[in-house]
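Trainee: I would like the atomic coordinates for the input below:
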Amino acid sequence: MMSFRANALMLRKLLIVAAGMFAFGYALVPMYKAICEFTGINVLALGEREVAGAGGARASLAANTQIDYSRTITVEFDANARGPWSFHPAQSSMQVHPGELTTVMYEFQNLQNRVMSAQAIPSYAPRQAAAHFNKLECFCFNQYTLAPGEKKQWPVVFVIDSKLSKDVSTITLSYTFFEVGSKTPSAPTDSSVGKGLGV
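Mentor: Numbering: from 1, shown residues only. This next block holds a predicted model:
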């Protein structure tokens with residue numbers, strides 16, 4: 001009889017502990033959010049960012065506290081193609097805030113009747129902006145092979161560092177797309193430059 005009572009008491013204690021653990025786990029999410037709001041730590045889940053993002057600028061601020069909304073930088077996009085192909089950005093410019101994740105699309109088409117391999121080289125103006133223009137995804141990292149007439153679109157995903165000098169309000173991102181291989185022009189030597197200048 002005593003063992004039955006002891007077992008029943010132990011079972012009751014275990015059920016209370018299990019119920020308490022369940023209640024604590026259930027309450028943990030709102031407690032976690034309240035602590036994060038109080039301390040200012042940005043720990044929103046991806047799904048919550050998407051829902052909040054539709055609400056407006058205030059929700060966007062909560063989703064990314066690294067964006068400097070006090071500054072606006074105009075980014076101009078330029079494309080140079082050395083060869084018989086089409087290469088251009090989807091838009092000529094956009095305005096962004098430092099710390100804001102931004103995407104721009106570039107389109108390339110091989111207009112030749114042969115397969116070609118090409119690669120792009122980026123450059124920046126002013127030059128000091130290069131150290132603060134962080135590309136997370138860019139077609140300039142790779143070489144591409146395109147069939148005759150083939151057209152492709154590539155994204156450039158970038159963030160401008162908020163440490164960029166306050167004097168810089170416009171950045172020009174320029175790409176030169178050139179064919180890789182025997183068609184690539186070699187860099188001029190010192191002697192050939194001298195001859196060209198008549199030295």
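Trainee: skipping its backbone neighbours, what lies nearest the residue nearest the centre of the chain in space?
Mentor: Note on the chain: the residue nearest the mean C-alpha position is Val157, at 3.8 Å, using C-alpha atoms, centre = their mean. Counting by C-beta to C-beta, 6 or more residues apart in numbering, Val157 lies nearest to Glu137, which is 4.0 Å off, once chain neighbours are set aside. (Glycine included, C-beta is placed from N, CA and C.)
Trainee: test my guess that that neighbour contacts Met105.
Mentor: No: using C-beta atoms under 8 Å, Glu137 is not in contact with Met105; the gap is 11.3 Å.
Trainee: anything in contact with each of the two?
Mentor: By C-beta atoms under 8 Å, 6 or more residues apart in numbering, Glu137 and Met105 have these common neighbours: Pro155, Val156.
Trainee: wait, is Asn113 part of a helix?
Mentor: No: going by DSSP: H, G, I helix; E, B strand; the rest coil, the assignment for Asn113 is coil, not a helix.
Trainee: and it, what is it in contact with?
Mentor: Per C-beta under 8 Å, 6+ apart, neighbours of Asn113: Pro148, Gly149.
Trainee: gap between it and Ala147?
Mentor: According to C-beta to C-beta, to the nearest Å, Asn113 and Ala147 sit 10 Å apart.
Trainee: so for Val17, what's the pLDDT?
Mentor: Looking at Val17, its pLDDT reads 82.
Trainee: do the one 10 residues further on as well
Mentor: For Ala27, the model assigns a pLDDT of 70.
Trainee: SS state for it?
Mentor: helix.
Trainee: how about the helices in this protein?
Mentor: Under the criterion DSSP state H, helices of the chain are mapped to 2-39, 46-53, 57-63, 190-196.
Trainee: could you break the protein into its assigned domains?
Mentor: 2-63, 73-179 (automatic domain parsing).
Trainee: of these, flag the one that's most buried.
Mentor: domain 73-179 (a mean of 15; mean count of other C-beta atoms under 10 Å).
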